[in-house]
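K.L.:
Pasting the sequence and the predicted model now:
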Amino acid sequence: MPLKTFKAEGWPAMAGWLTEENSSALGRAIIYRAMADVGILETPLASNRGVRIDRYAKRAGSPLGSWWCAIWTGAVFADCGALVPVGYPACDSWLPFVQKEPVIGAAVLYGVRGDAHHIGVVARLEPMVLTIEGNRGFAGTTNNGVAVDIGPMQRRDILGYFHPRTA
């Protein structure tokens with residue numbers, strides 16, 4: 001059987017589900033930036049290290065090998081011109097600013113009352129909530145994983161949402 005080429009169809013822009021109706025320009029920028037890192041893995045696995053991860057940690061002033069979920073989230077926000085809390089490498093530094101309702105591009109904080117253990121970015125709200133998280137476990141339920149990964153929000157220990165904003 002011979003091979004054949006078919007006419008290409010026009011594809012939507014990256015993350016075609018993001019629109020002006022469901023997200024802000026800053027929220028979309030945060031998602032596009034976060035998606036650029038999907039697939040980053042710790043090297044070696046379970047080391048909290050890697051070329052890009054180490055760069056983010058140095059930029060944040062954090063020791064190499066630190067848990068890096070908040071380091072990564074802060075880098076994504078900063079790269080898009082969004083404000084980040086002073087001390088952003090620590091999840092708890094985001095807590096004073098959380099709100100109850102999610103928006104696309106918001107940081108989501110997980111933990112127990114007054115103690116944040118993990119942070120990621122809300123990428124989609126409908127028909128299900130998707131998050132992009134650094135230092136995510138592949139099941140999406142651990143505080144110390146190995147990757148930047150996108151997946152369904154599976155955790156129930158949500159403390160709130162840090163809405164993106166600029167100065």
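P.N.:
That came through, no problem. Numbers count the residues shown, from 1 in each chain.

K.L.:
What strands line up against the top strand by length along the chain, and which way round?
P.N.:
For the chain, the strand that runs over the most residues, judged by DSSP state E, is strand 115-124. Taking DSSP bridges as the criterion, strand 115-124 forms sheet pairs with strand 107-112 (antiparallel), strand 130-136 (antiparallel).

K.L.:
Going along the chain from the longest one, find the next helix or strand for me.
P.N.:
Put plainly, it is strand 130-136. strand 147-152 (DSSP states H and E).

K.L.:
Now do that next one: which elements does it pack against?
P.N.:
strand 130-136 (3 or more Cβ pairs under 8 Å, 6 or more residues apart in numbering; DSSP states H and E). C-beta coordinates here come from the backbone N, C-alpha and C atoms, glycine included.

K.L.:
Name the surrounding residues that touch the strand it packs on.
P.N.:
31, 34-35, 37-38, 40, 48, 53, 67-69, 71-73, 108, 118-124, 140, 142-153 (Cβ atoms under 8 Å, 6 or more residues apart in numbering).

K.L.:
With only the CA atoms kept, save that strand in CSV.
P.N.:
Extracted C-alpha coordinates of strand 130-136, given in CSV (Å, rounded to 0.1, in the frame of the first residue of the first chain):
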residue,chain,number,x,y,z
LEU,A,130,-6.2,20.7,35.3
THR,A,131,-3.0,21.8,37.0
ILE,A,132,0.6,22.2,36.0
GLU,A,133,2.9,21.6,38.9
GLY,A,134,6.6,21.5,39.4
ASN,A,135,8.0,18.8,41.7
ARG,A,136,4.9,16.8,41.0
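
K.L.:
Thank you kindly, that will do.
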